[in-house]
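1. sequence below, structure please.
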Amino acid sequence: MQDSLIKSRAEAMRANKLKLHLGKTINATIITLGSLMLIAGVLKFIYRLPEISISDMAMSAIGIVALMVAKSKACVNFLIHPHSNANIERTILAIGIFTCIGITAVKIFLGDSEFYQNSLDENSLIEWLTFLLLIVSAYIHACIGLTNEFKGGRRYFYATSFALFFLGMEELSWGQMVFKWETPNQLALINSQGETTLHNIYGINTLIDPLLLLALTVAILLTIFLKTDNRKSAIDSYALEIITPSKSILPVISFAWIIASYIVLNPSGSLLQRGEIEWSEFLISFAVVMHSIQLLIRLCNKHAEQRI
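-> The predicted structure follows:
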């Protein structure tokens, strides 16, 4: 009996160490992102003087907010708290609603501005945020896969990690936007944007938006109709854990669905332009990283309960 208790405590300590490591990793990512945004915003603002650029000021402001969040160590505290799953559910729901309202306000009040257009262009703030969120999600799934406690689902976590890493690198043209290399001639001829990407290849590029809409529709249906109570008692499959979103991200994926459905089903509409599909991609990446964090916490808590 005593040996079983000691083993259970050891398992709980390992689970908490994994959550602590994840919290520190996310914190370091926020610090890096915030620092880069602050520096880039200030340098771009100085370069454009005497012209005043709202987009550069906004970038610096977001960088400062990110650094303040990192300094508070909110991510670490949330993840290691005994009731972290319930806390983060409420927090993600609030952040998601606030994000959707913020995007709507930006569209209404700044939709015709240079700041708005610059935010959605190639190599823009939104594209970089999408990339970073996908890479962080890939890292979380890789961490779960490397943990012995969840080795039964290792192949699923590795596959998901690879898929998210691939999507993140595609978003940034595999680094071409940063290092500015020339696209190989054979690839440039068949790529709609002349980039080192697969999703912009002619024939594939026209399928991306409809597939995005289909994926969002499936995610919403899973979230609504797969009941949380049933999931807690019935799910032993790691694969199903991975693909089943929490209801706390329902506002985010629903808003992404609204944007994507309008653009896909009404391509000549005046309310949203084709480039604004970037908002859907950003919201999906946000939902994915939030789901990944919740997945880790849920699996750690579930594993600890099974050991008691």
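
2. quick one, helices of the stretch 101-250 of the chain?
-> Using DSSP state H, counting those that start in this stretch, the helices of the stretch 101-250 of the chain run over 114-120, 125-146, 154-171, 176-179, 185-190, 205-225, 228-234, 238-243, 250-265.

3. let's have those in a markdown table, adding mean pLDDT.
-> Shown next, in a markdown table, are the helices of the stretch 101-250 of the chain (pLDDT from 0 to 100):
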| stretch | mean pLDDT |
| --- | --- |
| helix 114-120 | 80 |
| helix 125-146 | 87 |
| helix 154-171 | 92 |
| helix 176-179 | 78 |
| helix 185-190 | 89 |
| helix 205-225 | 91 |
| helix 228-234 | 44 |
| helix 238-243 | 72 |
| helix 250-265 | 95 |
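
4. out of those helices, which comes closest to Leu22?
-> helix 125-146 (6.3 Å; CB to CB). The C-beta positions use only the backbone N, C-alpha and C, and glycine is treated the same way.

5. what residues of that closest one count as buried?
-> 125-145 (16 or more other CB atoms under 10 Å).

6. by contact count, what packs against it?
-> helix 2-48, helix 54-72, helix 114-120, helix 154-171, helix 277-307 (3 or more CB pairs under 8 Å, 6 or more residues apart in numbering; DSSP states H and E).

7. want to throw those into TSV with mean neighbour count and distance to Ile224?
-> Formatted as TSV, the helices and strands packed on helix 125-146 follow (neighbours: other CB atoms under 10 Å; distance: least, CB to CB, whole Å):
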stretch	mean neighbour count	distance to Ile224
helix 2-48	15	28
helix 54-72	17	31
helix 114-120	16	30
helix 154-171	18	22
helix 277-307	22	14
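
8. can I get these in CSV including distance to Leu93?
-> Listed next are the helices and strands packed on helix 125-146 as CSV, based on distance: least, CB to CB, whole Å:
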stretch, distance to Leu93
helix 2-48, 18
helix 54-72, 18
helix 114-120, 25
helix 154-171, 23
helix 277-307, 10
